[in-house]
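# Give the three-dimensional model of this entry:
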Amino acid sequence: MIRVLVADDHPIVRQGIKGMIAGNADMQVAAEASDGFAVLEQVAAKPVDVVLLDVSMPGPGFAEVVRGILERCPGQPILVLSVHPEREQAVRALRLGAAGFLSKDCAPEDLADAIRRVAEGRRYVSQELAELLATIVGGGQAPHHALSDRELQVLRLMASGRSAKQIAAELSLSPKTVSTFRTRILGKLGLQTTAEAIRYALLHGLAE
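The predicted structure is shown next:
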């Protein structure tokens, strides 16, 4: 029986994922979490075969959560789920040590197949992502690939129309910290204003 930890901050999404997993006789939901802190606590307290991890959750940044999982449980299979285009998050997730990446609009059978593969110690990526990875040779990538996970998260929220105060509340940060992230984002993207950053994010499909 494959034991799965389902980590997503949206209750309805978690219920949907749990329902898809329940339809398979060889796997079960052993635990669930709604933020990054809970993920790390659950992993340390209750061994599972696969961590099904959402990219954007409250608490620690995505990279910090992945590293924290692997520090507590070296070799832990992590299957990342995202609503964002694969090209924007998949390479980052795999480089951090995740075993697979899947879009949330996948079919139930694809999710089950991915869980089985990473539980067996293999990697899972879609055909589209495999083709993308084959074309990446380490250069010529868009500037936003240089952003940290938290910077990318802030940029997405900026592009979605959130104010600095709203972003701070959503990410449990101070407005001053959000302002610092904004400055770093503009510098890395070679831009001057928030409006330019928002246009850049929309152009590259980075909005939440």
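# which residues of this structure fall in strands?
For the chain, the strands defined by DSSP state E occupy 2-7, 27-33, 50-54, 78-82, 100-103.
# the domain parsing of the chain - what is it?
2-135, 143-203 (automatic domain parsing).
# Take these and write them to TSV, including mean pLDDT and mean neighbour count.
C-beta here means a position set from N, CA and C on the backbone, and glycine is covered the same way. Listed next are the domains of the chain as TSV, based on pLDDT from 0 to 100; neighbours: other CB atoms under 10 Å:
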stretch	mean pLDDT	mean neighbour count
domain 2-135	87	18
domain 143-203	88	17
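# nearest to Gln166, of the strands of the chain?
For Gln166, the closest of these is strand 50-54, at 20.1 Å, according to CB to CB.
# same for that closest one, what does it pack against?
strand 2-7, helix 36-45, helix 62-72, strand 78-82, helix 108-119 (3 or more CB pairs under 8 Å, 6 or more residues apart in numbering; DSSP states H and E).
# Quick check: closest non-adjacent residue to the residue nearest the centre of the chain.
Taking CA atoms, centre = their mean, the centroid of the chain lies closest to Val55, which sits 1.8 Å from it. Excluding the flanking residues, the one nearest Val55 by CB to CB, 6 or more residues apart in numbering is Ser82, at 4.2 Å.
# Make sure that neighbour is actually in contact with Arg92.
No: using CB atoms under 8 Å, Ser82 makes no contact with Arg92, being 10.2 Å away.
# Now for those two: what residues contact both?
Taking CB atoms under 8 Å, 6 or more residues apart in numbering as the contact criterion, no residue touches both Ser82 and Arg92.
# sorry, back to before: who does the residue nearest to Val55 form a beta bridge with?
Ser103 (DSSP bridges).
# let's number from 10 now, not from 1
In the new numbering, first residue 10, that becomes Ser91.
# Just list what the longest helix seen in the chain packs against, helices and strands only.
Ranked by residue count and defined by DSSP state H, the top helix of the chain is helix 184-198. Applying 3+ CB pairs under 8 Å, 6+ apart, we find helix 184-198 packed against helix 158-168, helix 173-180, helix 203-212.
# what's in contact with that helix?
Here helix 184-198 has contacts from 152-153, 155-156, 159-160, 163-164, 167, 173-174, 176-177, 180, 182, 200-203, 205-206, 209, using CB under 8 Å, 6+ apart.
# chain center to that helix, what's the gap?
21 Å (CA atoms, centre = their mean, to the nearest Å).
# now it against helix 203-212, angle please.
Counting by axes from the mean of the first three to the mean of the last three CA atoms, to 10 degrees, helix 184-198 lies at 70 degrees to helix 203-212.
# Name the nearest residue to Ala216, ignoring sequence neighbours.
With CB to CB, 6+ apart, the residue lying closest to Ala216 is Ala168, at 4.0 Å.
# In this model Ile207 seems to touch the one you found, though I could be wrong.
Yes: counting by CB under 8 Å, Ala168 touches Ile207, with 5.1 Å between them.
# No further queries at this time; thank you.
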